[in-house]
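Student: Dropping a prediction and its sequence here:
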Amino acid sequence: MLMNSPDYLSTIEQIKQEIRAAQYRATMHVNVDLLLLYHSIGQVINAHKSWGNKFIENLAKDIKLDFPQATGYSVRNLKYMAKFALTYPDRDFVQQVVAQIPWGQNIVLMDKVSDETARQWYLAQCRENGWSRNVLVHQIESGLYERQALAPKVSNFEDRLPAPQSELALQAMKDPYIFDFIPFREDMVERDIEQALVRDVTKLLLELGTGFAFLGNQYHLNVGGDDFYIDLLFYNLNLRCYVVIELKTGEFKPEYAGQLNFYLSAVDGLLKKPEDAPSIGLLLCKSKNDLVAEYSLKDMSKPIGVSEYRVTSSLPAELEKELPSVEDLQKHIKSLN
């Protein structure tokens, strides 16, 4: 049994999910009670806002006198409680949805995301992926909602994949992908980017999203005695399929789709098992003409998506310590009861 085979990864992941689900339920029980308390306090503060800021200052002092060991009742935090109650007036929604992520992450969402639809999307993603506060900040500042939920996607997934896999694949796709942990150089070629991504595979998995397990770079395939090498090979535990990623430093060209289509045929023939879903390809290019890409994919037999990528500055230093492990990024929580 290979320790990086899909069967092994799937079995271990199932056990880990059961452990995480139990830990999650225990943690969330405490968190829900705390956030419902904060919501109640916020409602009281809002009901007496005519008393002015002195009310909040005196309230903080009085709480400190009666509960000297208690934390979280500073003037600043009490103001956030009032904002929390205004942002989410529906207490049932707070209990069932909002309180499923920690208070610190809720403060980030209130501070940085004014659009209600976007805020609820980030809330759901944070809950599903277990993002820390700093990771959530990074995802918001990188425009993840715009790149993943709003951006038009160039792919043939709907024509080449059965439902609901086609919808899940589209939802997971981003445009552009942000590789802001790679030091930028003007003379970078595909192999430079690939090697930089592999060196920081944890950060790569963070950008790709939940469920990705890294199987290798320059992954060797022997087809009829000829050797071929895939840039990056993954197995997605959510989609239950192999994912082949090819990197191009220039603009998208139609012949790139044909090459990736061949790689997917080879992966399906050599690696895919009967229980696996069809393998998916992702072409990441420095730039693309959407119409050219759409025409190029139209008659391809395999499911392929085309996205751009950006190489920018380094990740913030404070995010380095907050990045989830590879195992954390591979998880997809199936039980939130």
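Tutor: That came through fine.

Student: From residue 177, how far out is the residue most central in space within the chain?
Tutor: Taking Cα atoms, centre = their mean, the centroid of the chain lies closest to residue 209, which sits 3.7 Å from it. Between residue 209 and residue 177 the computed distance is 10 Å (Cβ to Cβ, to the nearest Å). Using the backbone N, CA and C atoms, a C-beta is placed for each residue, glycine as well.

Student: what's the nearest residue to the residue nearest to the centre of the chain if we skip its chain neighbours?
Tutor: In space, and not counting its chain neighbours, residue 209 is closest to residue 172: 5.3 Å by Cβ to Cβ, 6 or more residues apart in numbering.

Student: which intervals of the chain have sub-threshold pLDDT?
Tutor: Counting by pLDDT under 70, the chain has low-confidence residues at 1-6, 8-28, 184-187, 312-337.

Student: per-domain residue ranges of it.
Tutor: 6-100, 151-330 (automatic domain parsing).

Student: Reformat those as CSV; add distance to residue 138.
Tutor: Putting the domains of the chain into CSV (distance: least, Cβ to Cβ, whole Å) gives the following:
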stretch, distance to residue 138
domain 6-100, 20
domain 151-330, 5
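
Student: looking at the ones you listed, which is buried most?
Tutor: Across these, averaging neighbours per residue (mean count of other Cβ atoms under 10 Å) puts domain 151-330 on top, at a mean of 17.

Student: Out of the domains of the chain, flag the one nearest residue 129.
Tutor: Closest of those to residue 129 is domain 151-330, at 5.2 Å (criterion: Cβ to Cβ).

Student: Make sure the residue nearest to the centre of the chain is actually in contact with residue 168.
Tutor: No - the criterion here is Cβ atoms under 8 Å, and residue 209 misses it with residue 168 at 10.8 Å.

Student: what touches both of those two?
Tutor: Residues touching both residue 209 and residue 168 (Cβ atoms under 8 Å, 6 or more residues apart in numbering): none.

Student: And stretch 126-139, how far out from the chain middle?
Tutor: 8 Å (Cα atoms, centre = their mean, to the nearest Å).

Student: Please shift the residue numbers so they start at 58 in all later answers.
Tutor: I'll keep to 58 as the first residue from here, and by that count the last item is stretch 183-196.
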